[in-house]
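> 3D, please:
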Amino acid sequence: MPDDSPFTTRRSLLAGFAASPIAATGVGVFPNAARAEAKAAGLITPNVCMVLPEVTEGPFYLDEKLLRSEIAEDRDGVPLRLRMQVVTADCEPIAGARVDVWHCDAQGNYSGFAIQGSDSTEDTSEETFLRGTQTTGEDGIASFSTIYPGWYRGRTTHIHYKVFLDETTVLTSQIFFPDALSQYLYQAVPPYSERDDERDTTNGNDGIAKQAGEGAFAAVREQPEHYDAMLVVGVDRDADGTETAPEDAASGPAPGGQTTDRAGDARSAPRAGVFIPGVAG
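Numbers count the residues shown, from 1 in each chain. Presented below is the predicted three-dimensional model:
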């Protein structure tokens with residue numbers, strides 16, 4: 001006989017959202033019924049990323065323990081509020097999880113490292129911009145105020161994150177964004193548009209985005225002063241920790257096709273009239 005328990009139903013719901021091909025284009029394309037199902041299950045969006053336990057770190061991760069929600073510091077860009085909801089495979093919110101995020105600025109630079117940017121000439125080793133840590137509340141949500149991420153050669157637009165469930169269980173993945181929105185910002189809105197080079201990688205030809213799957217795309221909504229980006233991170237606490245994602249799925253190349261340590265030691269490795277929150281005119 002089929003198992004129709006609430007746990008099984010919610011587990012199937014979460015898995016179905018994660019596999020949905022419409023997740024990659026944003027929350028607006030979800031049917032009202034899907035959004036109603038998500039709300040009824042206590043989820044902030046039908047956009048769901050199912051993450052297995054694994055240990056790979058993305059490039060330029062620093063465990064700075066910067067407990068803060070405002071992470072932009074002095075970086076210019078379109079304001080973005082990122083909300084991540086950590087839940088079990090049965091849609092139960094996980095309170096007290098530590099969430100770390102980090103991403104590049106409008107020019108493709110990460111903070112905290114000496115060799116930065118697509119031309120590998122920037123030194124940000126003494127800086128901490130666009131990095132932060134939050135602890136999830138009773139609803140499983142961690143929120144960050146940042147800017148829309150820029151890009152660097154070899155990668156599509158993304159934000160890195162790690163979720164710590166305890167001292168030893170760490171989940172690492174990336175959040176992706178709609179290509180149409182990214183392309184408009186990069187072509188028409190300063191400081192993104194002030195770059196002389198052209199973006200060479202989109203969601204369609206980024207191998208890491210393909211490995212991460214449709215559920216790794218944020219649901220993005222326009223607000224008067226910022227964009228809202230939302231993602232539900234579904235965690236299977238019973239998953240075998242040895243069944244990790246492929247290493248490239250969580251790491252990938254650093255700016256300029258290199259990875260660096262903090263000392264800077266390099267190792268090989270639009271639509272018309274779009275509304276831009278926080279930007280006048």
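> where are the low-confidence patches of the stretch 1-150 of the chain?
For the stretch 1-150 of the chain, the stretches flagged by pLDDT under 70 are 1-8, 10, 18-33, 44, 46-47, 52-60, 62, 64, 116-120.
> Please repeat the previous calculation with a cut-off of 50.
1-2, 5-7, 27-28, 54-56 (pLDDT under 50).
> which SSE is residue 161 in?
strand 158-164 (DSSP states H and E).
> Helices of the protein, residue ranges please.
For the chain, the helices defined by DSSP state H occupy 6-19, 32-40, 179-188, 207-212, 247-250.
> Show me the one of these that comes nearest residue 81.
helix 179-188 (14.9 Å; C-beta to C-beta). Just so you know, the C-beta spots here come from the backbone N, C-alpha and C atoms, and that holds for glycine as well.
> now that closest one against strand 158-164, angle please.
120 degrees (axes from the mean of the first three to the mean of the last three C-alpha atoms, to 10 degrees).
> avg pLDDT for helix 179-188?
The average pLDDT for helix 179-188 rounds to 94.
> Only the buried residues of it, if you could.
179, 181, 182, 183, 184, 185, 186 (16 or more other C-beta atoms under 10 Å).
> from memory residue 38 sits against residue 16, does it?
No: using C-beta atoms under 8 Å, residue 38 is not in contact with residue 16; the gap is 10.6 Å.
> When the two are compared, which one has more neighbours?
Ranked by neighbour count (other C-beta atoms under 10 Å), residue 38 and residue 16 place residue 38 first, with 23 against 14.
> how much space between the more buried one and residue 140?
To residue 140, residue 38 is 13 Å away according to C-beta to C-beta, to the nearest Å.
> which non-adjacent residue is nearest residue 37?
residue 13 (6.1 Å; C-beta to C-beta, 6 or more residues apart in numbering).
> how close does the one you found get to residue 124?
Taken as C-beta to C-beta, the span from residue 13 to residue 124 is 42 Å.
> now residue 9
To residue 124, residue 9 is 47 Å away according to C-beta to C-beta.
> out of those two, which sits in the busier spot?
residue 124 (20 against 14).
> What are the phi and psi values at that one?
The phi/psi pair for residue 124 (degrees, to the nearest 10) reads phi -120, psi 20.
> isn't residue 163 right up against residue 175?
No: look at residue 163 against residue 175 with C-beta under 8 Å: they stay out of range, at 11.8 Å.
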